[in-house]
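# below is the structure, and that's it, no one-letter string:
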């Protein structure tokens, strides 16, 4: 059995290692590995105006997405957690399943149909892109928050505070928000990672000047290998950083993140 | 219970409004487009679209099966590791979950493309590079690339179940003369089957509905449903009712698979409650 895990880790590492090697290799055509060492591809990436703009767009959309999901997600998660009716619980289960049950491709097409009409001509605007990222990442945050609320048994904590005379606002600021600090930060980092890497929906609904990084990156795949590797490495580094941050922020959380099960 | 029902409703309003406006409304528009005309009949009259549906189902099932087999094998091993090492490996294994499909696609082009690392290595041993590249740029290659981000989902779902499994049960069976394999099949398998089925349905649905990795790997050269839909949408002035019909087909298959996953997951939870 250990050999299966070892082979699996090799399978995970091989593409990443090749991307890393390719991004610092001078030239790589029809050879096993590239020849020459250079930082030039990263320099070119930095100098490329369209990549820089796309990167700025991605960071802006990501920040806005995190802010909106947090502002909307925490109250919604609290409402779902507090509801005792079976119907609400079932609806919440469905909400958690949505990102897989409704593929981003289909949702993006729906955006095109609704928001390119004469009455709602918003397709291509930055805020619509944010809205798309929010609805596709919200379920992941909700799942993390709701399962953490159940795990912490928030009701008991709140009932105790209430019996001591704490009002709703006091409980919210004194108990709910501080208790959720861990799951909220780890969930939001997850949201950030998904937003930065999102391609399938953005590719359909982003305007030409508000194309996020992954959409612009696809064009680079048809050019020089080193440049494409450097561009991909940037995305990879952001994903790895956020995954590690999420793992350390969420230490001790009950659920495994990113698995809508 | 904390807060009154009215307060709870007020808290949920922004989220619900957002989901209605940016989720239900777009999907409703798609369904409306698809059902208004005869687009759905046209899909079933078009042989190449039916072939795309068939290819997509095969791709989904193959990728699902590959990642479940691989995931079960790795999770079985991880479950027996000491908690510290297991937690470390878990973080490493979870990494691909947040990778954009593009990263995976370009990584595999470097590995198995026409001038890829493994391709040239195998060519030294006498394999035909063109054949290897043909493998990558067709369904087997997609299965390999999809499994890259599907297997972590399987492993992370199964790991808690395998880790909580009471190994004294199989040890007892073995002490009474059952072979190791026999014990696993008769005792472990029935207990974990619902969870395995749930994760199989989940990853099959993901593979069936995805197009990013495939687009980056093969362009629109391969006849699968999401890529056909993508070309229809990207081609301005195209047949939107037909695109809507394909969307409804995608939605139906993915929702069905997720329903299977839900029922299986609910069963495993019920089993768990009976046992504890």
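Yep, it's here. Computed from a predicted model, the values in this text were never measured in an experiment.

# which stretches in the stretch 51-200 of chain A count as helices?
A:86-101, A:104-115, A:126-152, A:154-163, A:168-171, A:177-179, A:181-197 (DSSP state H, counting those that start in this stretch).

# and of those helices, who's closest to chain B?
With Cβ to the nearest Cβ as the measure, helix A:104-115 is the member of the helices of the stretch 51-200 of chain A nearest chain B (2.6 Å). C-beta coordinates here come from the backbone N, C-alpha and C atoms, glycine included.

# report the angle between the closest one and helix A:86-101.
Helix A:104-115 and helix A:86-101 are oriented at 100 degrees to each other (axes from the mean of the first three to the mean of the last three Cα atoms, to 10 degrees).

# can you give me how far helix A:104-115 is from the chain middle?
19 Å (Cα atoms, centre = their mean, to the nearest Å).

# neighbouring contacts of that helix?
Residues from elsewhere that reach helix A:104-115, judged by Cβ atoms under 8 Å, 6 or more residues apart in numbering or on different chains: A:120-123, A:128, A:132, A:135-136, A:198, A:200-201, A:203-205, B:22-23, B:25-30, B:33, B:209-211, B:226, B:229-230, B:233, B:240, B:243-244, B:247, B:250-251.

# keep only those of these that are in strands.
Assigned to strands by DSSP state E, none of these qualify.

# so which of the residues you listed sit within helices?
Using DSSP state H, the subset of the contacts of helix A:104-115 located in helices is A:128, A:132, A:135-136, A:203-205, B:25-30, B:33, B:209, B:226, B:229-230, B:233, B:240, B:243-244, B:247, B:250-251.

# need the helices for the stretch 51-200 of chain B, in chain order.
Using DSSP H, counting those that start in this stretch, helices in the stretch 51-200 of chain B cover B:83-94, B:101-112, B:117-124, B:129-136, B:139-164, B:168-175, B:180-183, B:189-209.

# picking up where we left off before, buried subset of the contacts of helix A:104-115, written for PyMOL?
A single PyMOL command is used to select the members of these judged buried by 16 or more other Cβ atoms under 10 Å in any protein chain shown:
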select buried, (chain A and resi 123+128+132+135+136+198+200+201+203+204+205) or (chain B and resi 22+23+25+26+27+29+30+33+209+210+211+226+229+230+233+240+243+244+247+250+251)
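
# touching chain A at all, stretch B:166-182?
No - using Cβ under 8 Å from any Cβ of the partner chain, stretch B:166-182 stays clear of chain A, coming no nearer than 11.3 Å.

# okay, how far is it across that stretch, tip to tip?
From its first residue to its last, stretch B:166-182 covers 16 Å (Cα to Cα, to the nearest Å).

# for that stretch, buried residues please.
By 16+ other Cβ under 10 Å, the buried positions in stretch B:166-182 come out as B:170, B:173, B:178.

# state the distance from the first one to residue A:76.
With the distance defined as Cβ to Cβ, to the nearest Å, residue B:170 ends up 43 Å from residue A:76.

# ditto for the last one
Residue B:178 sits 50 Å away from residue A:76, taking Cβ to Cβ as the criterion.

# ok, back up a step: most tightly surrounded among the helices of the stretch 51-200 of chain B?
Of all those, helix B:101-112 has the most neighbours on average by mean count of other Cβ atoms under 10 Å in any protein chain shown, namely a mean of 25.

# mind pulling up the pLDDT for the residue of the stretch 151-276 of chain B found nearest chain A?
In the stretch 151-276 of chain B, the residue that lies nearest chain A is residue B:209 (3.1 Å; Cβ to the nearest Cβ). In the prediction, the pLDDT value recorded for residue B:209 is 95.

# who's in contact with the nearest residue to it once chain neighbours are set aside?
Distances taken as Cβ to Cβ, 6 or more residues apart in numbering or on different chains place residue A:103 nearest to residue B:209, at 3.1 Å, with adjacent residues excluded. The contact partners of residue A:103, by Cβ under 8 Å, 6+ apart, come to A:200, B:209-211, B:226, B:250-251, B:254.

# show me where the chain dips below the pLDDT cut-off.
No chain was given, so I picked chain A. Residue ranges of chain A with pLDDT under 70: A:1, A:250-261.

# um, chain B though
B:1-3, B:236-237, B:272-276.
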